[in-house]
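Pasted the sequence and its predicted model underneath.
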Amino acid sequence: MTTPLTIKICGIKTFDILDAAIAAGADMVGFMHFQRSPRHVDLEEIGSLISQARGRIESCVVLVNPDNSCVAEIAALGPDWIQLHGPETIHRVETIRAEAGVNIIKALPIATAEDLELVAGFAEVADRILLDAKPPKGAERPGGLGQPFDWRLLEALDPEVQFMLSGGLTPDNVGEAVAAVRPYGLDVSSGVETAPGVKNAALIETFIRKARAAA
Ligand SMILES: O=C(O)c1ccccc1N[C@@H]1O[C@H](COP(=O)(O)O)[C@@H](O)[C@H]1O
């Protein structure tokens, strides 16, 4: 029996889109808390979105190299997951996980085969690994750039590692991605938007339908 694909729709800012992601069959929703993101939502809004999601779908707050007070403020809102999408070290991931008492997704930027060498160490301390495209030097943010990476690199990955795939996934390429990579899960943000930060319910529905059809 194959494991069902876990699909996360990330960068949600409104109740309408949260409801649309649930109706379309998503497994997780992500809320960005990073000022330089066009998907940034403040603490109060994140609290409301988490409350709206609770009991209906798993929620995840995406942070970039957060300090201890930020982690504590987010953990107090009760998300199911915190996603660390910055240059956090293995030790820092371990510390945040222990202090927040929340499941951790650690995102790792991938551009070359050497980048995959980091996966095993982080897989020991994080609850889930997410592999994303490495941003170009000087990028204004470390993710949410709609940029894919060479999925063939993942052929060298230990098959025991359960990972989520992200980076430039869209309704047009998600079927090919699932067939080629066979990931545990998928994470998408830009690919289901009509403009940076503007999610679209129809694109979310098409993305999930095509991903599930290929799984
Ligand atoms: O979405 C953002 O603005 C963002 C900012 C900072 C860190 C991560 C961010 N998003 C994450 O990036 C990946 C890939 O996104 P995309 O589908 O290529 O747009 C995804 O995990 C988002 O959660």
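Good, I have the coordinates.

Can you get me a residue count around the residue of the chain found nearest the ligand?
When distances are taken as Cβ to the nearest ligand atom, the chain reaches nearest to the ligand at Gly144, 2.1 Å away. C-beta here means a position set from N, CA and C on the backbone, and glycine is covered the same way. Residues within reach of Gly144, counting by other Cβ atoms under 10 Å, total 28.

same check, this time on the one 4 residues further on
Residues near Pro148, counting by other Cβ under 10 Å, number 17.

From Leu18, how far out is the residue nearest to Gly86 when sequence neighbours are not counted?
Once flanking residues are discounted, Gly86 sits nearest to Asn65: 3.4 Å by Cβ to Cβ, 6 or more residues apart in numbering. From Asn65 over to Leu18 the distance is 26 Å, taken as Cβ to Cβ, to the nearest Å.

One more: Gly30?
11 Å.

what residues do those two have in common as contacts?
Counting by Cβ atoms under 8 Å, 6 or more residues apart in numbering, the shared contacts of Gly30 and Leu18 are Ile12.

Show me which of the two is the more surrounded one.
Remark: of Gly30 and Leu18, Gly30 carries more neighbours, 27 against 24, as counted by other Cβ under 10 Å.

Who are the contact partners of that one?
Counting by Cβ under 8 Å, 6+ apart, Gly30 touches 8-12, 59-62, 83, 187, 189.

What does the pLDDT read for the closest residue to it other than its chain neighbours?
Among residues not flanking Gly30 along the chain, Cys10 sits closest, at 3.3 Å (Cβ to Cβ, 6+ apart). The confidence metric pLDDT takes the value 98 at Cys10.
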